[in-house]
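Student: After the sequence you'll find the predicted model.
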Amino acid sequence: HAKKNRLHLQIYHQQIDVNTLDRLQLVNDLKPAIEHDELVLFYQPKLNLKLNKVTHVEALVRWQHPVRGMIPPDSFIPIAEKMGQMNALTRWVIDQALSQYLQWKEQGIELSIAVNISAENLKDDQFCHYVLQAIKDKQVPIDALTLEITEDAVVADPEYAIKQLTELRQQGLTLSIDDYGTGYSSLAQLKQLPVQELKIDKSFVQNLMVNEDDQIIVSSTLQLAHNLGLKVVAEGIEDEGSLKWLTQRGCEMGQGFYLSRPIEAKALTTWLSQSAY
Ligand code: C2E
Ligand code: CA
Ligand code: CA
Ligand code: CA
């Protein structure tokens, strides 16, 4: 019976991906969803491998749809990007993340929060101003926030993107290249971006212990990134072996299901109090 249900769910998901009418409907729903608090942020710990301590988390959005149930970001973010909804969404995410930062701080927990940025944000001439103003208004330190940026968010209009990112960097924000290795740019090209951190995509990390090619890719990326003065985060750590392997090779941070899946803020607080980190 469970198997049948799962099959049903998979088909349902595929329909979300292919049906254009369905997509449009979903995006029509997104704006009111933001207003009606149907979006929720989950948080996944980023473990500092040098200190063996969780110092950062990544905020990942989910949509608790009244009819469809919990919708994962891969099912609505790409549509929202195509339909010009990402400025509203990212603003909501930043506000929410900064409020959560303050809540944790009140509980004596200091966690810097990473937020995902998309192409539309970097094209928005108000984006920098919005981010910096939000930090000011909430009176949080500048290192409360990290911005994770994929290459394709930059390639749309590299000059303008670099201008915005440079301004944010000059104000002291931490910038991170996300999904490194999945795009077409070389690390040399990416180095022109004012970033301090590089996240090796999970596709190279998930099977690290059994795939020799992945080991070669990850260790040479680590070397090259370190030579360029970048800190490295490995995402998609699913076993203890990979965590140890990466720690031994000087990777600065690790993130993955082996440590914790993305969970709600409250659950993360509990997890922190019970884990060794
Ligand atoms: P991402 O930024 O690369 O985030 C990492 C994704 O990998 C998350 O999926 C996370 O749950 C998953 N992950 C983490 N550790 C592991 C692991 O050990 N194994 C495996 N198999 N997966 C792992 P999620 O939460 O479904 O998010 C998917 C993507 O949706 C994100 O990829 C990001 O591109 C996008 N996204 C999520 N939230 C936001 C947001 O607020 N704004 C924007 N612009 N994009 C977002
Ligand atoms: Ca990310
Ligand atoms: Ca990623
Ligand atoms: Ca991704």
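Tutor: Received it, and whenever you're ready, just let me know what you need. None of these values were measured; they are calculated from a predicted model. Numbers count the residues shown, from 1 in each chain. Ligands and ions are numbered 1, 2, ... in the order given.

Student: Could you identify the longest helix within the protein?
Tutor: Ranked by residue count under DSSP state H, the longest helix found in the chain is helix 86-106.

Student: residues in contact with the helix or strand following that one?
Tutor: Per DSSP states H and E, helix 86-106 leads on to strand 112-117 as the next helix or strand towards the C-terminus. Here strand 112-117 makes contact (C-beta atoms under 8 Å, 6 or more residues apart in numbering) with 43, 46, 55-60, 90, 93-94, 97-98, 100-101, 143-149, 153, 174, 176, 178. Just so you know, the C-beta spots here come from the backbone N, C-alpha and C atoms, and that holds for glycine as well.

Student: Now go through these and say which are in strands.
Tutor: 43, 46, 55-60, 145-149, 174, 176, 178 (DSSP state E).

Student: restrict the contacts of strand 112-117 to those near ligand 2?
Tutor: 148, 178 (C-beta under 5 Å from the ion).

Student: re earlier: and the longest helix of the chain, C-alpha only, in PDB?
Tutor: The C-alpha trace of helix 86-106 is given here as PDB (Å, rounded to 0.1, in the frame of the first residue of the first chain):
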ATOM      1  CA  MET A  86      11.900  36.300  -7.000                       C
ATOM      2  CA  ASN A  87      12.300  39.800  -5.700                       C
ATOM      3  CA  ALA A  88       9.300  39.500  -3.400                       C
ATOM      4  CA  LEU A  89      10.300  36.000  -2.400                       C
ATOM      5  CA  THR A  90      14.000  36.800  -1.600                       C
ATOM      6  CA  ARG A  91      12.900  39.900   0.400                       C
ATOM      7  CA  TRP A  92      10.600  37.700   2.500                       C
ATOM      8  CA  VAL A  93      13.400  35.200   3.000                       C
ATOM      9  CA  ILE A  94      15.900  37.800   4.100                       C
ATOM     10  CA  ASP A  95      13.400  39.400   6.600                       C
ATOM     11  CA  GLN A  96      12.500  36.000   8.000                       C
ATOM     12  CA  ALA A  97      16.100  34.900   8.300                       C
ATOM     13  CA  LEU A  98      17.200  38.100  10.100                       C
ATOM     14  CA  SER A  99      14.300  37.800  12.500                       C
ATOM     15  CA  GLN A 100      15.300  34.200  13.200                       C
ATOM     16  CA  TYR A 101      18.900  35.300  13.700                       C
ATOM     17  CA  LEU A 102      17.600  37.700  16.500                       C
ATOM     18  CA  GLN A 103      15.500  35.000  18.100                       C
ATOM     19  CA  TRP A 104      18.400  32.600  18.300                       C
ATOM     20  CA  LYS A 105      20.600  35.400  19.600                       C
ATOM     21  CA  GLU A 106      18.100  36.000  22.400                       C
END
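
Student: So which residues on this structure come close to ligand 2?
Tutor: So the chain meets ligand 2 at 116, 148, 178 (C-beta under 5 Å from the ion).

Student: Am I right that the second one is in contact with residue 180?
Tutor: Think residue 148. No - assessed by C-beta atoms under 8 Å, residue 148 is found out of contact with residue 180, at 10.7 Å.
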